[in-house]
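Chemist: what follows is a predicted structure for the sequence shown.
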Amino acid sequence: RSPPATIALVTADADTDESGESLELLAKALHSEFDYPGAMQAYERAYVAYRREGNVLAAARAARTLGWFHGSVYGEWAVYRGWIGRALTLLKDAGAGTNAHGWLLAAQAQAGSDLEAQKQLYEQAIDTARRCGDLDLECDALASLGIMLAFSGFKLEGMARLDEALHEAGLEPDWVCGVS
């Protein structure tokens, strides 16, 4: 039996006038069902629809998400860089101060290979999150920075960032880790 989101994707194929928002919601549903190819297809269609609608921020978000799938899920880093580049180009029109730009900074940091450059990108993403009041972005960037630092040999600094992310998320580090 096909999951409901998969059925919706097949049904949506017949209707090319779907809004970017409805296609993005479909993509999120497919993602939650672990249907990554279907989610990617829906995000690509959402990207096209958002561009057609003139919704630059949403198109950039769809491009960033497609980049994430290609890089983080499938290891296709060249395709990742293409989608992230597309999203950055779109955001130049929307302004660098948006939380969407912060998410792209975090995505760029994730794919980097220079520790200092990655650290700066994560810190810029954290600053953007705080300016925009985006707690999800702040927690994600803090946690990612902490993991990167800890795995790079800066354990105390990394763990401090992870603890900060947990605190911002409303969790206590010792409760999560099960130690006192």
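Modeler: In hand now; what should we look at? In this text, all values refer to a predicted model and were calculated from it rather than measured experimentally. Numbering: from 1, shown residues only.
Chemist: measure Gln120 to Ala106 for me?
Modeler: Applying Cβ to Cβ, to the nearest Å, the value for Gln120 to Ala106 is 12 Å. Using the backbone N, CA and C atoms, a C-beta is placed for each residue, glycine as well.
Chemist: Ala42 too?
Modeler: On the measure of Cβ to Cβ, Ala42 and Ala106 end up 23 Å apart.
Chemist: hang on, isn't Val56 packed against Leu88?
Modeler: No. With contact defined as Cβ atoms under 8 Å, Val56 and Leu88 do not form a contacting pair (11.9 Å).
Chemist: mind listing what's buried along stretch 126-139?
Modeler: Neighbour counts over stretch 126-139 (16 or more other Cβ atoms under 10 Å) mark 126, 128-129, 132, 134, 137-139 as buried.
Chemist: give me the contact list for that stretch.
Modeler: Applying Cβ atoms under 8 Å, 6 or more residues apart in numbering, the set of residues contacting stretch 126-139 from outside is 97-99, 101-103, 105-106, 125, 141-142, 145, 165, 168-169.
Chemist: go again with 6 Å.
Modeler: Residues outside stretch 126-139 that contact it (Cβ atoms under 6 Å, 6 or more residues apart in numbering): 99, 102-103, 141, 165, 168-169.
Chemist: can you list the buried residues of stretch 126-139 in TSV and add secondary structure and pLDDT?
Modeler: Output for these, formatted as TSV (DSSP: H, G, I helix; E, B strand; the rest coil; pLDDT from 0 to 100):
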residue	secondary structure	pLDDT
Ile126	helix	95
Thr128	helix	91
Ala129	helix	92
Cys132	helix	90
Asp134	coil	92
Leu137	helix	92
Glu138	helix	94
Cys139	helix	93
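Chemist: and the contacts of stretch 126-139, which are buried?
Modeler: Buried among the contacts of stretch 126-139 (16+ other Cβ under 10 Å): 99, 102-103, 141, 165, 168.
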